[in-house]
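# 3D, please:
(chains A and B)
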Amino acid sequence: MLKFKPLLKSSLGSELRRGHSAWVKTNTSSSSSVDVEQLFIDDEVQKLLTNLTEIDLENKVFRARRTTIQQRSHFALMTEERLEKTMERMREEARRFLQFVPVKEPRTQTVKVLSQDPDLETFDTSKFVFTDITFDATDQDRTVVVREPNGLLRTSTPEEHDRMNRTYYQKPNRPVFPPSLFQDPFLQDALDRNEHEFVLDWACWFYEPDDPAFIELSHKIFDRINARRNFETITSTRHFGPFVFYLALNENIPPLLNHFGGTGRIKECANLIRLQKTLRPDWRVTIAKGDSDEKIVKDYLKQNNRFRDELTDLVAFLERGVIKSKLQSRETRTVATGARKQATVNARNVRGAEGPLGNLSEEYAVKVVKSEGSEGGDFEQRKLDKTPQRRGRWQRSSSKPRNKNE
Amino acid sequence: MLTNSNVAFRRLFHSSVRLSCEGKKNKEVKPPEEAGWAFNHVEKKMGMYKPKHTITEQLAYMKSKAYDDAYKGLPIYRWVNRSYSRRHDFFCIDKHGRFNLNHACPVCRDEYLFFDYRNPALIEQFLADGTDQPIDILKSGLCREQYAQLKAQLLRAKEHGTIPFAVDFRNFDYRQWYKQWTDEPGKPVERAGVRLQDIHPDPLVSFPTFKNDKGNDWDEWWLRHDKFARKAK
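Numbering: from 1, shown residues only, chains lettered A, B, ... in the order given. Next comes the predicted model:
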């Protein structure tokens, strides 16, 4: 049934944890033993990662996606104060959607031998997998045991365990076998279409976060993002935190630093440098307590002169205040939209071209009628004075007297 | 008799018919810059074989001017006569690959088209707006074979990543993954689960409900009729 090479007495994962972490690539690690999980859940690191993940509501977090059910669009007319409140609530909601995927070491592949029955050796040519499907067993603590064809009864490997979970407890978009998207020609196609978020979302839905396949896949995607420098695809998603963590842990931040510098976000640059120095503490280059963001970035540039050609945009911004042209146009666009948002109708411009009538205001006079407050009586009177004309069958009898004969 | 022999003739010499058709086409339409992609002028195709094409040809066809002229940028099922609405009860194409009907379904009738995961544009035409679900078979006007193909290739396209969709949001409980973590997880969220009425609750305006005919005993009028009706002598 299952293709499986028994790794009976090797405890691969624990060996990994003791010696070398899967999240630290060999060529960069000078200090070998770091507890990656402990570092990730450290308060300071979590705070820095959260600050580094920007919240883009419209284009990222709540962007249009193909869902299973059809939904109507909602339109609401609200005051500016109310709009701000609503956006604040949306931002709170978005923060929940930006919960980081746990950064985990790959799990151990150890299995326990339960019994050895040589009498059963020739009983069958395939394995038997027994799964506990009682109501109160959760996906994590479910008992799954395997009877090998040679009569060996053992607990399942984590991969077999997950596969049994997928078989007996089906969820939408979680097929028994991993989808082809996670393999290379199709993975690269999806990444070329900038669908990094979709692939990573599905990967963390399909795999457990400590699955070696998941960790390998996410590292592959992170490396490709870093090589292509398309950080825009992953910003403001739940995978940005682990991505930055991975980069900082491997001391590979200059490309991202350059990206932040190119957009003129000096605060993010400083946070990134702080993050790297928290993850890779070095007594020679520490950050003093009262340092400003700019000073931290400048110090980093001084200390890492070898990265100077990789950090051209950041240097250009620091020295001349230049923001990259492509991003500059985006900035101006946002500024323009911001200006348009501020144009509201008030007593001064209601009669002009900025009012609700626009250009038609030259032809038509705008009358402002107050329905509440002190001028209520005035309104009533005006209503009495000028009765609206009705047309067709509903014409008023006063305008066209019916009883002519009388 | 005559018609039967005609059909047999068509079946036997379908290839020559096709060739002659192509020749006619070349005469009528001036040789197009997109060589080979052209409108098929055969009106009644019953009994004729459907030509087979590859996916690369299909992709090129869907970008060509011939396709644009034929469908004018609309989904292909919009151009199909709805009066043959029970198309899904028939086989458009029989087991030998011949047309069984003169009015085949929108995909069967176009010789270049068939559902394939490598051409998501064709599959997306048959998806309900904003979803990853296919529209109703009656609405699509497809035959059963093509509708089954649509569903199969849609699944394939999703698994190969050519049609991205909203994967369910996985809410992690960090206490499960880290022993040292003690914080409670927040309220679980789901994609498309954010409702405007929660984010932006409506102001407290109470609208009167429609007054339905309850509590008034108009239907018992005849029961009480004796009490108030003046009896005739």
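
# Show me where the stretch 1-150 of chain A has its helices.
Secondary structure of the stretch 1-150 of chain A, counting by DSSP state H, counting those that start in this stretch: helices at A:12-19, A:36-40, A:43-52, A:80-97.

# wait, chain B
According to DSSP state H, chain B carries its helices in the segments B:2-12, B:14-28, B:55-63, B:65-71, B:106-109, B:120-125, B:137-140, B:144-159, B:174-177, B:196-199, B:225-228.

# Point out the most buried one among the helices of the stretch 1-150 of chain A.
Of all the helices of the stretch 1-150 of chain A, helix A:36-40 has the most neighbours on average by mean count of other Cβ atoms under 10 Å in any protein chain shown, namely a mean of 19. C-betas here are computed from N, CA, C, even on glycine.

# hang on, A:Asp139 packs against A:Thr167?
No - if you go by Cβ atoms under 8 Å, A:Asp139 and A:Thr167 don't touch, sitting 12.0 Å apart.

# sorry, back to before: between the helices of the stretch 1-150 of chain A, which one is closest to chain B.
With Cβ to the nearest Cβ as the criterion, chain B lies closest to helix A:80-97 of these, at 4.7 Å.

# Show residues contacting the closest one.
Helix A:80-97 has contacts (Cβ atoms under 8 Å, 6 or more residues apart in numbering or on different chains) with A:55, A:57, A:61-62, A:78, A:238, A:344, B:169, B:186-187, B:189, B:194, B:199-200.

# That one to helix A:43-52, inter-axis angle?
Orientation check (axes from the mean of the first three to the mean of the last three Cα atoms, to 10 degrees): helix A:80-97 against helix A:43-52 gives 130 degrees.

# Can you dump the C-alpha atoms of helix A:80-97 in CSV for me?
What follows is helix A:80-97 as a C-alpha-only set of coordinates in CSV (Å, rounded to 0.1, in the frame of the first residue of the first chain):
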residue,chain,number,x,y,z
GLU,A,80,-15.8,60.4,7.2
GLU,A,81,-15.6,59.7,10.9
ARG,A,82,-17.5,56.5,10.4
LEU,A,83,-15.3,55.5,7.4
GLU,A,84,-12.2,55.9,9.6
LYS,A,85,-13.8,53.8,12.3
THR,A,86,-14.7,51.1,9.8
MET,A,87,-11.2,51.1,8.3
GLU,A,88,-9.8,50.8,11.8
ARG,A,89,-12.0,47.7,12.4
MET,A,90,-10.9,46.3,9.0
ARG,A,91,-7.3,46.8,10.0
GLU,A,92,-7.9,44.9,13.2
GLU,A,93,-9.5,42.1,11.2
ALA,A,94,-6.5,42.1,8.8
ARG,A,95,-4.1,41.7,11.7
ARG,A,96,-5.8,38.3,12.4
PHE,A,97,-5.3,37.3,8.8
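
# Off-centre distance for it?
17 Å (Cα atoms, centre = their mean, to the nearest Å).

# quick one on the thing from earlier: looking at the helices of the stretch 1-150 of chain A, which is nearest to B:Leu138?
Proximity to B:Leu138, assessed across the helices of the stretch 1-150 of chain A by Cβ to Cβ, is greatest for helix A:80-97 (37.3 Å).

# For stretch A:159-174, give the mean pLDDT please.
Computed over stretch A:159-174, the mean pLDDT rounds to 94.

# got the CA coordinates for it in PDB?
Presented in PDB, the C-alpha positions along stretch A:159-174 are these (Å, rounded to 0.1, in the frame of the first residue of the first chain):
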ATOM      1  CA  GLU A 159       4.000  11.300   6.700                       C
ATOM      2  CA  GLU A 160       1.800   8.100   6.900                       C
ATOM      3  CA  HIS A 161       0.000   9.700   9.800                       C
ATOM      4  CA  ASP A 162      -0.900  12.800   7.800                       C
ATOM      5  CA  ARG A 163      -1.900  10.800   4.900                       C
ATOM      6  CA  MET A 164      -4.300   8.800   7.000                       C
ATOM      7  CA  ASN A 165      -5.700  12.100   8.300                       C
ATOM      8  CA  ARG A 166      -6.200  13.300   4.800                       C
ATOM      9  CA  THR A 167      -7.900  10.000   3.900                       C
ATOM     10  CA  TYR A 168     -10.300   9.700   6.700                       C
ATOM     11  CA  TYR A 169     -10.900  13.400   7.500                       C
ATOM     12  CA  GLN A 170     -11.200  15.100   4.200                       C
ATOM     13  CA  LYS A 171     -11.100  18.900   4.000                       C
ATOM     14  CA  PRO A 172     -11.600  21.000   0.900                       C
ATOM     15  CA  ASN A 173      -8.500  21.500  -1.100                       C
ATOM     16  CA  ARG A 174      -6.600  18.900   0.900                       C
END
